[in-house]
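S.K.: Dropping a prediction and its sequence here:
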Amino acid sequence: MSPLYFLKLGGSLITEKHRPSTPRPEVIRRLAEEIQRARAEQPNLQLVLGHGSGSFGHMAARKYNTHLGVSTPAQWQGFLEVWWQARALNTLVTEICLQVGLPVMAFPPSSTIVCQNGQVITWDLTPLLQALEVGLIPIIYGDVVLDKGIGGTILSTERLFAELVPLLKPARLLLCGQEEGVWADFPQRQRLIHHLTPANLETAWPALGGSEAPDVTGGMLEKVRAMLDLVNRYPNLEVVIFSGEHPQNLSLVLQGYPIGTRITQ
Ligand SMILES: Nc1ncnc2c1ncn2[C@@H]1O[C@H](COP(=O)(O)OP(=O)(O)OP(=O)(O)O)[C@@H](O)[C@H]1O
Ligand SMILES: C=C(C)CCOP(=O)(O)O
């Protein structure tokens with residue numbers, strides 16, 4: 001059977017998250033090449049690729065608090081600004097992946113999902129599932145979405161993955177970011193947690209916080225909370241949070257080497 005992995009390229013890694021709308025194209029290219037290399041080693045590997053918004057969507061979202069709802073003309077203006085920023089980064093990521101030879105196709109959440117009070121109520125997944133079926137790599141990304149209750153909101157890549165897990169049951173969910181993994185002593189960064197489970201969560205809890213950069217989706221705290229919730233519900237799922245800053249890390253993790261923080265039940 002072909003294993004299916006979900007892989008997020010974090011906005012903290014593919015952009016300079018403190019500098020407005022500043023991508024790291026050379027990093028994106030290297031990561032795409034690493035994915036391509038891992039696929040050559042494991043020709044059966046199926047992927048759903050996701051990426052975060054970094055200094056593209058998050059800065060505008062912070063300015064307008066788009067994640068909290070959208071109603072005034074100024075907030076709608078902000079909603080479109082975030083939409084445009086998220087789309088611009090996605091265009092760049094998609095373009096670089098295609099240049100490297102990855103058969104990617106983007107499925108913008110803003111044009112396929114509707115929420116109600118922050119909960120996804122419809123997501124037309126038919127084209128995405130068909131793309132997977134024919135051997136393409138679907139790309140999704142943190143985006144704005146229209147919301148029947150609060151006008152509009154924002155869904156992070158992790159939220160999107162969490163929606164897809166029950167349907168696609170991936171074997172692994174890989175979050176590739178800027179940090180080595182989950183630190184037990186952030187921001188000192190001396191003690192990495194190699195294996196996080198619901199049973200030892202208390203070792204990490206005091207050190208878990210938001211992003212150091214402008215961010216509206218909760219940083220490492222929300223990531224760990226959401227991933228623990230997923231492994232509780234899907235005991236066969238393995239989550240890995242790791243750094244893509246070191247060349248080869250991503251392709252090694254894709255091949256199963258123990259790097260970063262594993263999260264399991
Ligand atoms: N205990 C911790 N261990 C590791 N990082 C932590 C910890 N506590 C807080 N953080 C912060 O959380 C950040 C990771 O969350 P963030 O949402 O910025 O990552 P990302 O998913 O790559 O970005 P984006 O949301 O833009 O895609 C780290 O870069 C760090 O600043
Ligand atoms: C801020 C926007 C537009 C999306 C956030 O998604 P994330 O970067 O995956 O957390």
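M.R.: Looks like it arrived, so ask away. Numbering: from 1, shown residues only. Ligands and ions are numbered 1, 2, ... in the order given.
S.K.: Quick one: residues contacting the residue in the chain positioned nearest to ligand 2.
M.R.: Per Cβ to the nearest ligand atom, residue 142 is where the chain lies closest to ligand 2, at 1.8 Å. (Each C-beta comes from the backbone N, C-alpha and C, glycine too.) When contacts are counted by Cβ atoms under 8 Å, 6 or more residues apart in numbering, residue 142 touches 11, 50-53, 57, 86, 109, 154-157, 160, 217.
S.K.: show me where the stretch 1-150 of the chain has helices.
M.R.: 11-14, 25-41, 54-64, 73-100, 126-133 (DSSP state H, counting those that start in this stretch).
S.K.: just these: most buried one?
M.R.: helix 11-14 (a mean of 27; mean count of other Cβ atoms under 10 Å).
S.K.: hang on, the earlier thing: what's the distance between the residue of the chain closest to ligand 2 and residue 36?
M.R.: 23 Å (Cβ to Cβ, to the nearest Å).
S.K.: Residue 61 touches residue 155, doesn't it?
M.R.: No: Residue 61 is beyond contact range of residue 155, at 11.3 Å (criterion: Cβ atoms under 8 Å).
S.K.: Could you identify the least confident member of the contacts of residue 142?
M.R.: Ranked by pLDDT, the contacts of residue 142 bottom out at residue 217 (93).
S.K.: residues contacting the nearest residue to it once chain neighbours are set aside?
M.R.: Leaving aside its chain neighbours, residue 217 sits nearest to residue 156 (3.8 Å; criterion: Cβ to Cβ, 6 or more residues apart in numbering). By Cβ under 8 Å, 6+ apart, the contact list for residue 156 reads 52, 142, 217, 218, 222.
S.K.: please redo it, this time with the cut-off set to 10 Å
M.R.: Residues in contact with residue 156 (Cβ atoms under 10 Å, 6 or more residues apart in numbering) are 8, 11, 50, 52-53, 57-58, 67, 141-143, 162, 215-218, 222-223, 226.
S.K.: Could you pull up the residues touching residue 11?
M.R.: Here residue 11 is in contact with 17, 23, 51-58, 86, 89, 141-142, 156-157, 177-178, 211, 213, 215, 217 (Cβ under 10 Å, 6+ apart).
S.K.: among the helices and strands of the protein, which has the poorest mean pLDDT?
M.R.: Least confident helix or strand of the chain, by mean pLDDT, DSSP states H and E, is helix 201-204 with a mean of 86.
S.K.: Work out the gap between that helix and the centre of the chain.
M.R.: 23 Å (Cα atoms, centre = their mean, to the nearest Å).
S.K.: So for that helix, what gets flagged as buried?
M.R.: By 16 or more other Cβ atoms under 10 Å, the buried positions in helix 201-204 come out as residue 204.
S.K.: other SSEs contacting that helix?
M.R.: Counting contacts by 3 or more Cβ pairs under 10 Å, 6 or more residues apart in numbering; DSSP states H and E, helix 201-204 is packed against strand 182-183, strand 192-193, helix 219-233, strand 261-263.
S.K.: Now do it: everything it contacts.
M.R.: Contacts of helix 201-204 (Cβ under 10 Å, 6+ apart): 182-186, 191, 193, 196, 208, 220-221, 224-225, 228, 261, 263.
S.K.: Got a PyMOL select line for the buried ones in these?
M.R.: Selecting only the buried entries of the contacts of helix 201-204 in PyMOL, with 16+ other Cβ under 10 Å as the criterion:
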select buried, resi 182+183+184+186+193+196+208+220+221+224+228+261+263
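S.K.: Near ligand 1, list only the ones from the contacts of helix 201-204.
M.R.: By Cβ under 6 Å from any ligand atom, the members of those lying near ligand 1 are 182, 183, 186, 208, 220.
S.K.: Quick one: the residues you listed as CSV, columns for pLDDT too.
M.R.: Shown next, in CSV, are those (pLDDT from 0 to 100):
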residue, pLDDT
182, 97
183, 97
186, 95
208, 93
220, 95
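S.K.: tell me which of these is nearest to residue 235?
M.R.: Using Cβ to Cβ, residue 182 comes nearest to residue 235 of those, at 19.8 Å.
S.K.: unless I'm mixing things up, that closest one is touching residue 219, no?
M.R.: No: assessed by Cβ atoms under 10 Å, residue 182 is found out of contact with residue 219, at 11.2 Å.
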